[in-house]
Structure formats: structure tokens, C-alpha cells
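Undergrad: Generate coordinates for the sequence data below:
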Amino acid sequence: MAIEKVLEIKEVEAEAQKIRENATEEAKKLMEDARQSVIEVAAKAEEQVAGIYRDKMSKAESEAKIIYNSILLSAEKDCELLQSRAEKKKAKAVAVIMERIVK
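TA: Numbers count the residues shown, from 1 in each chain. Okay, the predicted model is just below:
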């Protein structure tokens with residue numbers, strides 16, 4: 001009877017050891033799966049961030065071009081106005097000089 005109990009205890013200990021080993025292996029597998037999931041999620045997040053960055057940069061560049069063109073057009077109009085005024089004053093200045101020379 002005592003031998004049976006010792007054998008039974010050894011069987012239970014062996015089974016417990018097997019359960020521990022299986023649990024350790026399962027824990028390792030779960031950790032590796034979790035690590036892989038984190039890597040995949042991080043890669044997807046990085047792709048999304050890169051896409052958002054590209055979209056925002058594209059939008060900002062478009063807006064900057066519009067503003068730049070608007071400023072350029074406004075400066076062009078200002079230059080044309082200044083040139084027109086200068087032409088008018090030039091004509092008056094020539095008339096004044098001619099008047100003084102002729103007198």
C-alpha cells in the first residue's frame with residue numbers, strides 16, 4: 001500500500017512537472033504572439049502616421065502655393081501701378097523741363 005502511494009505521488013509529481021512545462025511553453029508562446037502583435041500594430045501605426053504626414057504636407061504645400069501665387073500677383077499689380085504712376089510723372093517732368101527750357 002505504501003509503495004502504491006509512493007508510485008501515485010511520483011505520478012502526480014511527474015504530471016505536475018509536465019503541467020508546469022506545458023504552462024511555461026504556453027506562456028512563452030503567448031509572449032511571442034503578444035510581441036509579434038505589438039510589432040504589427042506599431043508597423044501599422046507607423047504607416048498610418050506616414051500617410052497622415054504625407055497628406056498634411058501635401059495640403060500645406062498646396063496652401064503655400066496658393067498664398068505664394070496670391071502674394072506674387074499682388075506684388076505684380078503693385079509694380080504695374082508704380083510703373084504706371086512713374087510713367088505719368090515722367091511725362092509731367094518732361095513737360096516741366098521742356099517748358100523751362102523753351103522759356
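
Undergrad: tell me what the helix or strand containing Glu25 is packed against?
TA: Element membership for Glu25 (DSSP states H and E) is helix 2-102. For helix 2-102, there is no helix or strand it packs on, judged by 3 or more Cβ pairs under 8 Å, 6 or more residues apart in numbering; DSSP states H and E. Backbone N, C-alpha and C define where each C-beta goes, glycine included.

Undergrad: what about it, average pLDDT?
TA: For helix 2-102, the mean per-residue pLDDT is 93.

Undergrad: Run the chain-centre distance for that helix.
TA: 0 Å (Cα atoms, centre = their mean, to the nearest Å).

Undergrad: just stretch 93-103 next, same as before
TA: Remark: stretch 93-103 is offset 67 Å from the chain centroid, using Cα atoms, centre = their mean.

Undergrad: Dump that stretch to CSV, restricted to CA.
TA: This file holds the C-alpha atoms of stretch 93-103, laid out as CSV (Å, rounded to 0.1, in the frame of the first residue of the first chain):
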residue,chain,number,x,y,z
ALA,A,93,8.6,116.1,-65.5
VAL,A,94,9.5,116.2,-69.2
ALA,A,95,6.8,118.8,-69.8
VAL,A,96,8.0,120.9,-66.9
ILE,A,97,11.7,120.7,-68.2
MET,A,98,10.6,121.5,-71.7
GLU,A,99,8.7,124.5,-70.5
ARG,A,100,11.6,125.9,-68.6
ILE,A,101,14.0,125.3,-71.5
VAL,A,102,11.7,126.9,-74.0
LYS,A,103,11.1,130.0,-71.8
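
Undergrad: Just the residues contacting it, thanks.
TA: Applying Cβ atoms under 8 Å, 6 or more residues apart in numbering, stretch 93-103 has no contact partners.
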